[in-house]
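J.: Pasting a predicted model and its sequence here:
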Amino acid sequence: MNFTPKRAVYSGFEHMMMTTTTTTTMMMMMMMMMMVADPVPVLEHAQQLQKKAHRAHDLEVENQQLRGRLDEYDNEFAEVKNQGLLLDAP
């Protein structure tokens, strides 16, 4: 049995219908894409919010470090004050 592949042969009407369908589909896709909102303003706003959140986090870390340092100074001052009271005691 001799097998020879057959080429797909389209009539002029079938070719026109495929071309029309493709063109219509492309036009519909282009119209849908034109209706989509521009994402740039939203992304820029999100970037600004992210920067503010990062800055707030940095300030929280710095605040915790400063509170720790202040606690150390308070403890040291209390020790020095107690030593001064012990030295002044009769």
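T.: Sure thing, it's come through. Numbers count the residues shown, from 1 in each chain.
J.: Any idea how far the longest helix that the chain contains is from the middle of the chain?
T.: Using DSSP state H, we find that the single longest helix of the chain is helix 40-88. Helix 40-88 sits 27 Å away from the centroid of its parent chain (Cα atoms, centre = their mean, to the nearest Å).
J.: What's the mean pLDDT across that helix?
T.: Average pLDDT, helix 40-88: 91.
J.: In three-state terms, label Asp38 for me.
T.: coil (DSSP: H, G, I helix; E, B strand; the rest coil).
J.: burial count for it?
T.: Asp38 has 7 neighbours, counted by other Cβ atoms under 10 Å. C-beta: built from backbone N, CA, C; applies to glycine.
J.: quick one: it and Met32, what's the gap?
T.: 15 Å (Cβ to Cβ, to the nearest Å).
J.: do Thr23 as well
T.: Counting by Cβ to Cβ, the gap from Thr23 to Met32 is 15 Å.
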